[in-house]
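**Student:** Just to be clear, the model below is a prediction. Sequence and coordinates:
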Amino acid sequence: MNELQTILSDSVNGLLSERVTKNLVQGAEEGVWPGALWDEIEANGLTRVLVPEAQGGAGGTWADAAIVLKAAGEHVAPVPLAEAVLANWLLAEAGIDIPEGVVTLLDGDFNLEGGRVSGTAAGAPWARDAVYGVAVFGESVALVPLAGADIEPGINVAREPRDRVTLKGAAAATKPADLPRDALMLYGALIRSCQMAGALGYLSSQSVAYANERTQFGKPIGKFQAIQQQLAVLSTQAAAAGIAADHACAQLDKRVSDAAFEIAVAKIRVDDASSIATSIAHQVHGAIGFTYEHGLHFATRRLWSWRAEFGAGAEWAERLGRETISRGADALWPHVTAR
Amino acid sequence: MQPFRFDLCELPGETKGLREEIRAFLAEELARVPPVTRAQTWSGSDAEFSRKMGAKGWIGMTWPKKYGGHERSFFDRYVMLEEMLAAGAPVGAHWIGDRQSGPLLLRFGTEEQRQKILPRVAKGECYFCIGMSEPDSGSDLAATRTRADKVDGGYKVNGTKLWTSGAHTAHYMIGLFRTHLDPQNKHAGLTQFLVDLKTTDGITIRPIKDLAGNAHFNEVVFQDAFVPDDMMVGTEGGGWGQVTAELAFERSGPERYLSSFILMVEMIRELEKQGGEKGAREIGRLVAHLVTLRQMSLSVAGMLEKGENPALEASVVKDLGAIFEQDMPVRAHELLGLAPTIGEGSDYEQVLGYLTQTVPSFSLRGGTREILRGIIARGLGLR
């Protein structure tokens, strides 16, 4: 991390660790919009980390954004911070002014006719609380006001809002942008990978802390080799997830149009790490970690939700595998080392 | 907080030329070498190949020129290593000298030892083996019992080293012997020695066949073998600290995730032949793990280049790498269901035959999985 990144990390982690209390997350799960938290996040410019300074943002790189996104996952912030970071970046890429108010992503089946958008997104994050949605049509980005939209509330297993949004000829601001195919799914997979890497880091440190506190048979359970070996595995999985996410962000900073390979790698690797790590974290925590009272599940339920969003690891693996096989056996190593 | 950090590390652009040069060299050298032979990677030994690499300047790449080295960066060396491994080059003869015994002598050896031995290692003419394990000292390395007793002008060595890879071809062993016994502190009283295996009397080297019928490792018995004073490496009684530093080199390289790479290539070739969509998901997962492991391994190389100590990070990569390498024959079996073979069958079937039998050793050699995870757990503050 460079000096600016250290400042960014201190600021976002400081803010979220102070404000995202158990009560706040619990309240959000019951449907309360944490408006004060959101206002503070906005006031700190975190949702505009990727927006160039000329457009009112922080002018950060994806490596900088990764710090914000990992923190959002680590502290289980119950707000569409990651979604807004991506939405604002897409708007900036297209040269659309960043609006005031909550903005989310509309990943669905839409069509655009004469500047008007119709169609449905099945699981739009926090659409009920958002003022705008951002959708991508081929090579154009659209900013859609959600005021007149038909919004049916829904949730994922982490009880995060995932609403059904139906638009019938909503007026939208659209502009072309140089984006790859399936841009929303691709970059959606990247923001989720970063959030998941953050949540996995939390699982590792929280599980180690718990193992050092909890005493059985007259000593902390972390003194038992059976537990130590499991926690070692958990920490290595978290480490792998972290660098896979960082690698994809770094690639995106190098060449915007050609990071699909690394993003697929990240989502697959983070998905695998999540399956192993959530299982170990719960095993180490025992029954207390299975209660609603203990906060562990805020992270594990998010990981179980997020690993299926914007393409599960299996879906990305199939895509990556098809490309690898069609490129040919002898092209694998040159391809891996050329990037 | 995680006790280890994996910062991204990008290879400098200057390494591209070297990579191309190595690829061209390997394309010619390995043109007629079948995949099943290449699958041995760093277990495969070929003195002629080692000498050619020495002539190219690809052994001792980071060492000072006055010891026959080439004063190149750790990144150049990293590129050389991963190209050799990915192609399955027979680098085994000089591997240990280049990877750990040379660096050990640079750090702890005497000027005379360095001048006498390192230039020959760098030429690909002088090979090493590591005398650490014993019949009663495996993971518990400090239980070493082979004794080096002080006599006039040197030490008299008695005892047995076991699982000593390459002892039958090596010119020297770096042996860890007990020079002093303190029942209260078994880590004290251990000392490293250079042992000339070609000229010392009282040493018997017997091959041990592994489960596949290959003889890579050996039993080395010392019976009143005389080792002169000037062959001590480092300080008397300082062996434990020196060995710990040495093991960081042994665990940090790309060989800890690329040992099954040839099977991955042959799997893809087999799937290409079969056509259709079969196996795409499994291959995609393997690619994702391969790419991530490479980034982790590069991160360790970056730490080495900066002069940092990546002992903990190396243990993480080795543990994850062994899981990946050992998973490969399992995936191959699930995916294609073809029988592993010996001496006949397609390239894929023979490579599968070799690696299915070999992979259990990947989480034993260089520190078992359990020892590595113990090291990681200590780093996490659990021990």
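**Tutor:** Thanks, I have it. In this text the structure is predicted, and so the values were computed from the model without any measurement.

**Student:** can you pull out the helices in chain B?
**Tutor:** B:15-29, B:35-38, B:47-56, B:74-87, B:92-96, B:102-108, B:111-122, B:239-251, B:261-274, B:280-305, B:311-336, B:347-358, B:369-379 (DSSP state H).

**Student:** Now do the residue sitting furthest away from the middle of chain A against A:Ala77, distance only.
**Tutor:** The centre of chain A is farthest from one residue, A:Gly218, which by CA atoms, centre = their mean lies 40.9 Å away. According to CB to CB, to the nearest Å, A:Gly218 stands 39 Å off from A:Ala77. C-beta coordinates here come from the backbone N, C-alpha and C atoms, glycine included.

**Student:** Kindly report the same for B:Ser73.
**Tutor:** 42 Å.

**Student:** for the stretch 101-250 of chain B, what are the low-confidence residue spans?
**Tutor:** Scanning the stretch 101-250 of chain B for pLDDT under 70 picks out no residues.

**Student:** Which single residue of it ends up nearest chain A?
**Tutor:** B:Ser139 (12.4 Å; CB to the nearest CB).

**Student:** My guess is that residue contacts B:Thr368. True?
**Tutor:** Yes. Counting by CB atoms under 8 Å, B:Ser139 does reach B:Thr368; the two are 5.5 Å apart.

**Student:** more neighbours, these two?
**Tutor:** Shown here are B:Ser139 and B:Thr368; by other CB atoms under 10 Å in any protein chain shown, B:Thr368 has more neighbours (15 against 12).

**Student:** domain ranges for the chain?
**Tutor:** As the question left the chain open, I've gone with chain A. The record's domain parsing of chain A by automatic domain parsing lists A:3-176, A:183-338.

**Student:** my question was about chain B
**Tutor:** B:15-127, B:130-242, B:243-379.

**Student:** Name the surrounding residues that touch stretch A:19-37.
**Tutor:** Residues from elsewhere that reach stretch A:19-37 (CB atoms under 8 Å, 6 or more residues apart in numbering or on different chains): A:Glu40, A:His75, A:Val76, A:Ala77, A:Pro78, A:Val79, A:Asp129, A:Arg159, A:Glu160, A:Gly295, A:Phe298.

**Student:** Can you list which of those residues are found in strands?
**Tutor:** When DSSP state E defines the strands, the subset of the contacts of stretch A:19-37 inside them is empty.

**Student:** Quick check on the residue farthest from the centre of chain A: phi, psi?
**Tutor:** phi 80, psi 10 (degrees, to the nearest 10).

**Student:** State the distance from it to A:Gln283.
**Tutor:** Counting by CB to CB - A:Gly218 and A:Gln283 are separated by 21 Å.

**Student:** ok, now B:Gly307?
**Tutor:** Taken as CB to CB, the span from B:Gly307 to A:Gln283 is 39 Å.

**Student:** Counting by contacts, list what the worst-scoring helix or strand of chain A on mean pLDDT packs against.
**Tutor:** Lowest on mean pLDDT, DSSP states H and E among the helices and strands of chain A sits strand A:109-113, with a mean of 92. Packing partners of strand A:109-113 (3 or more CB pairs under 8 Å, 6 or more residues apart in numbering or on different chains; DSSP states H and E): strand A:116-125, strand A:132-137.

**Student:** is it true that B:His216 touches B:Asp210?
**Tutor:** Yes. Shown here, B:His216 and B:Asp210 form a contact pair, counting by CB under 8 Å, at 6.5 Å.

**Student:** more neighbours, these two?
**Tutor:** The neighbour count for B:His216 versus B:Asp210, taken as other CB under 10 Å, is higher for B:His216 (23 against 16).

**Student:** Highest mean neighbour count out of the domains of chain A?
**Tutor:** Comparing those by mean neighbour count (mean count of other CB atoms under 10 Å in any protein chain shown), domain A:183-338 ranks first with a mean of 21.

**Student:** which ones are touching B:Val227?
**Tutor:** Each residue near B:Val227 by CB under 8 Å, 6+ apart is listed here: B:Ala148, B:Gly154, B:Tyr155, B:Lys156, B:Val157, B:Phe193, B:Leu194, B:Val195, B:Thr200.

**Student:** Leaving out sequence neighbours, find the closest residue to the third one.
**Tutor:** Using CB to CB, 6 or more residues apart in numbering or on different chains and skipping residues adjacent in sequence, the residue nearest B:Tyr155 is B:Ala148, 4.0 Å away.

**Student:** can you pull up the bridge partners for the one you found?
**Tutor:** Beta-bridge pairing of B:Ala148 under DSSP bridges involves B:Val157.

**Student:** Name all residues that make contact with it.
**Tutor:** Neighbouring residues of B:Ala148 by CB under 8 Å, 6+ apart: B:Tyr155, B:Lys156, B:Val157, B:Phe177, B:Arg178, B:Thr179, B:Thr191, B:Phe193, B:Val227.

**Student:** same thing with B:Val317?
**Tutor:** For B:Val317, the contact set (CB under 8 Å, 6+ apart) comprises B:Arg251, B:Ser252, B:Arg256, B:Tyr257, B:Leu293, B:Met296, B:Ser297, B:Val300.
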